[in-house]
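**Q** Turn this into a model:
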Amino acid sequence: MNKIRRAALAALLFACGGFALLAPLSRAAGRAECVSQPSKILERAVPYCVLLPPSYDSEKTRRYPILYLLHGLGDNDQFLIHSGGMNLVEDLWEQHAIGEFLIVTPAAGASFYINSRDGKRHYEDFFLQEFIPGVEKRYHVQPGRRFRGIAGISMGGYGALHIAFRHPQLFAAVGAHSAALIEKLPNINAQNSRQISQLRVLGEAFGSPFDAAFWNQNDPLNIARTADLAGLKIYFDCGTEDDYGFDAGAATLDKLLTSRHIPHEFHLYPGGHNWTYFAEHLPALLEFEFHAFESSSSHTSSSH
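**A** Below is the predicted model:
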């Protein structure tokens with residue numbers, strides 16, 4: 001299936017809903033499993049879904065790479081299921097555009113995947129200290145950084161970049177669609193609808209009222225200025241008509257990484273901040289993550 005046809009199919013699938021909680025993949029024998037991870041840090045169980053590849057149940061001794069794919073604001077752990085994204089992944093597997101790896105989608109509410117300003121929700125601590133170890137103990141996963149990736153959409157793109165830039169030793173690759181990156185925090189003008197919508201979409205993770213200093217402390221753009229990102233493969237894209245102006249933030253990250261001579265892949269594509277855009281470009285993100293695993297695997301094989 002050529003890329004244009006696949007992109008059209010992806011957009012169609014994301015426009016449709018209505019998939020069951022445990023939804024088998026029709027042509028490949030993969031499946032989605034939705035469970036939860038107990039958390040002492042958050043004092044509750046956190047739901048998550050895992051998309052298991054076709055050979056997972058039959059090849060009991062095989063271990064797989066793993067991708068943590070983070071949802072956007074207003075969505076949840078089941079976003080790949082109810083959007084039709086599962087079928088998109090199935091198509092990629094069937095066409096051998098990507099190899100087999102696990103895709104894990106944790107619920108994160110409006111946390112932005114950080115430890116909140118008010119100190120009540122330590123989501124980043126949970127993700128690193130409890131979630132990753134718990135998932136990788138439960139499933140047949142290749143150990144170590146070389147076979148672990150992280151990516152996200154919108155709020156999840158922010159979260160993926162934030163976590164990967166702060167902890168690059170944990171991941172082979174990071175990817176983001178339309179990450180919530182703000183080129184420069186505005187002096188808030190109550191008449192500027194774009195400024196107001198930007199701050200509204202940030203939720204309460206950064207304080208209510210909004211704490212600009214706390215934002216700057218957690219901003220992936222600021223972290224990227226000094227972080228040691230050697231060995232971390234980086235991909236991000238954004239629509240040129242992004243509803244929240246995140247395209248300007250993405251362009252700023254591109255310039256920053258370029259100025260530091262940090263290799264990365266960046267694209268601005270026509271489109272807004274919506275599922276049609278995300279669906280069209282998700283295959284490229286998944287292929288990027290898979291090639292990061294593949295190159296790690298090749299390196300490991302050649303070193304023995």
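**Q** Where does the prediction get shaky in this structure?
**A** 1-29, 186-201, 203, 296-304 (pLDDT under 70).
**Q** Mind doing that once more with 50?
**A** Residues of the chain meeting the criterion pLDDT under 50: 1-26, 298-304.
**Q** Please compute how far the longest helix along the chain lies from its chain's middle.
**A** Ordering each helix of the chain by length in residues (DSSP state H) puts helix 275-303 first. Helix 275-303 has its C-alpha centroid displaced from the chain centroid by 12 Å (C-alpha atoms, centre = their mean, to the nearest Å).
**Q** how about the strands of the protein, start to end?
**A** 31-39, 44-52, 66-70, 102-106, 148-153, 173-177, 233-239, 265-269 (DSSP state E).
**Q** Which one of those strands lies nearest to E59?
**A** Closest approach to E59 among the strands of the chain (C-beta to C-beta): strand 44-52, 11.2 Å. (Glycine included, C-beta is placed from N, CA and C.)
**Q** Point out the other helices and strands that the closest one packs with.
**A** For strand 44-52, the packing partners by 3 or more C-beta pairs under 8 Å, 6 or more residues apart in numbering; DSSP states H and E come out as strand 31-39, helix 79-83, strand 102-106.
**Q** Could you dump the strands of the chain into CSV and include mean neighbour count and distance to R225?
**A** Formatted as CSV, the strands of the chain follow (neighbours: other C-beta atoms under 10 Å; distance: least, C-beta to C-beta, whole Å):
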stretch, mean neighbour count, distance to R225
strand 31-39, 17, 32
strand 44-52, 19, 31
strand 66-70, 26, 22
strand 102-106, 24, 28
strand 148-153, 29, 20
strand 173-177, 30, 16
strand 233-239, 25, 14
strand 265-269, 15, 17
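**Q** Export these as TSV, with columns for distance to F288.
**A** Compiled in TSV, those are given as follows (distance: least, C-beta to C-beta, whole Å):
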stretch	distance to F288
strand 31-39	22
strand 44-52	17
strand 66-70	10
strand 102-106	14
strand 148-153	8
strand 173-177	6
strand 233-239	4
strand 265-269	7
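**Q** now for those, which one comes closest to A251?
**A** Closest among the strands of the chain, using C-beta to C-beta: strand 265-269, at 6.9 Å.
**Q** what sits up against the closest one?
**A** Strand 265-269 has contacts (C-beta atoms under 8 Å, 6 or more residues apart in numbering) with 234-240, 247, 250-251, 253-254, 257, 277, 280-281, 284, 288.
**Q** Please apply the same query to stretch 227-235.
**A** Contacts of stretch 227-235 (C-beta under 8 Å, 6+ apart): 151, 164-166, 168, 171-176, 257, 262-266, 284-285, 288-289, 292.
**Q** Distance from that stretch to the middle of the chain?
**A** Distance of stretch 227-235 from its chain centroid, counting by C-alpha atoms, centre = their mean, is 15 Å.
**Q** Now do the end-to-end distance for it.
**A** Stretch 227-235 stretches 16 Å from its first residue to its last (C-alpha to C-alpha, to the nearest Å).
**Q** ok, which stretches of the stretch 1-150 of the chain are helices?
**A** 3-15, 79-83, 85-94, 123-126, 132-138 (DSSP state H, counting those that start in this stretch).
**Q** and of the helices and strands packed on strand 44-52, who's closest to Q129?
**A** Closest approach to Q129 among these (C-beta to C-beta): strand 31-39, 9.2 Å.
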